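> How does the following fold in three dimensions:
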Amino acid sequence: MRHILLPIFVIKPFERGIQETFGKYSRFIKPGLGFQIPLIQLVRVRDIREHTMDIPPQSVITKDNVEINVDGVIWVRPGSDEDSIKKTFYNIDNWKRAIIQLAMTNLRQEFGDLTLDDSLVARERIADSLQKILNVSGEGWGLVVSKVEIMLIDPPDDIKQAMHKQKTAEQERRAMRLLATGEFEAAEQQKKAIVQRAEGEREAAIMVAEGKAEAIRLVNESAQKYFKGNAQSLKQMEMTETALKDNTKIVITEEGISPTLLLGSIPITTSEEKK
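Residues are numbered from 1 along each chain as shown. Got it, this is the predicted structure:
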């Protein structure tokens, strides 16, 4: 905020002001060239740009009685309309300090309603809730809170060590689970491979057996078809050869040689000699 005492003044585009005559509000001052009567009139100017303000780090107690340190940042600006500018001057003495104190108070309240675990994952929810609360209260001061960010949530050292151990254990558990899953899948794949190999060998054995059976069938069919008479003649010749070796007598007939086993030493005869 700045006061203008000169008779001629300039209001910048990012500024708005009010003019007081004898200490009483007289008019709204917009950007551009302006005039006033010194000592009688006074112009007060407000910067309406976005103001970035830090919420100082503070200790808060969570719902489960854990003390943590938190801080944040808020973005706030005075409204640009006449009514808002008047409120920033007449409804609050130091709007920046007022909005920071209000943010700190409500930040403690927000974390007090949550457990530590909930607080660590509720940054956005806390920031949104705090922004709404600040806007409701800031409306009476002519302020607009455009954004709130929670920057730090710092648990005690012993809590952080316990959380680190828990995180490490969780990572190791996940790693062991992934390893076990990989080994199980590898075993399943090996089992499937063994089963498929056995199936292949069985099918190959069946095909070989069927091939051999078919070959034997074809050989038998060929023997029955082409070698039946020859086989009989061959058998007769084998019997004749055996008879001659044993000094067996034979009888020659019109149908051919018919080996016959005779008792004693009877000479070989023919059918014509018998006649």
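> which residues in the stretch 101-250 of the chain form helices?
116-120, 123-138, 157-226, 228-245 (DSSP state H, counting those that start in this stretch).
> which of these has the lowest average pLDDT?
Mean pLDDT is lowest for helix 228-245 among these, at a mean of 60.
> Please report the distance of residue 206 from residue 121.
Residue 206 is 63 Å from residue 121, where distance means C-beta to C-beta, to the nearest Å. (C-beta placed from N, C-alpha, C; glycine too.)
> Helix, strand, or coil at residue 93?
coil (DSSP: H, G, I helix; E, B strand; the rest coil).
> what are the phi and psi values for it?
The phi/psi pair for residue 93 (degrees, to the nearest 10) reads phi -80, psi -40.
> and what of residue 27?
Per degrees, to the nearest 10, the backbone of residue 27 is at phi -160, psi 170.
> Hmm, it is touching residue 19, no?
Yes: with contact defined as C-beta atoms under 8 Å, residue 27 counts as touching residue 19 (4.9 Å).
> okay, stretch 147-163 in CSV with CA atoms only?
Listed next in CSV are the C-alpha coordinates belonging to stretch 147-163 (Å, rounded to 0.1, in the frame of the first residue of the first chain):
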residue,chain,number,x,y,z
LYS,A,147,-4.2,-21.5,-4.6
VAL,A,148,-2.7,-23.3,-1.5
GLU,A,149,0.1,-25.8,-1.5
ILE,A,150,1.3,-27.9,1.4
MET,A,151,5.1,-28.0,1.0
LEU,A,152,6.4,-30.0,4.0
ILE,A,153,5.0,-32.8,6.1
ASP,A,154,7.9,-33.9,8.3
PRO,A,155,7.3,-36.7,10.9
PRO,A,156,9.7,-37.2,13.8
ASP,A,157,13.0,-39.1,13.2
ASP,A,158,11.9,-42.3,14.9
ILE,A,159,8.7,-42.3,12.8
LYS,A,160,10.7,-41.8,9.6
GLN,A,161,13.1,-44.6,10.6
ALA,A,162,10.2,-47.0,11.2
MET,A,163,8.6,-45.9,7.9
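> buried residues in it?
By neighbour count on 16 or more other C-beta atoms under 10 Å, the buried set for stretch 147-163 is 148, 150, 153, 155.
> Please apply the same query to stretch 87-96.
Quick answer for stretch 87-96 (16+ other C-beta under 10 Å): 87-89, 92, 95.
> for stretch 38-53, same thing?
Buried residues in stretch 38-53, counting neighbours by 16+ other C-beta under 10 Å, are found at 41-46, 48, 51.
> Stretch 12-21 now?
Buried-residue list, stretch 12-21, by 16+ other C-beta under 10 Å: 15-20.
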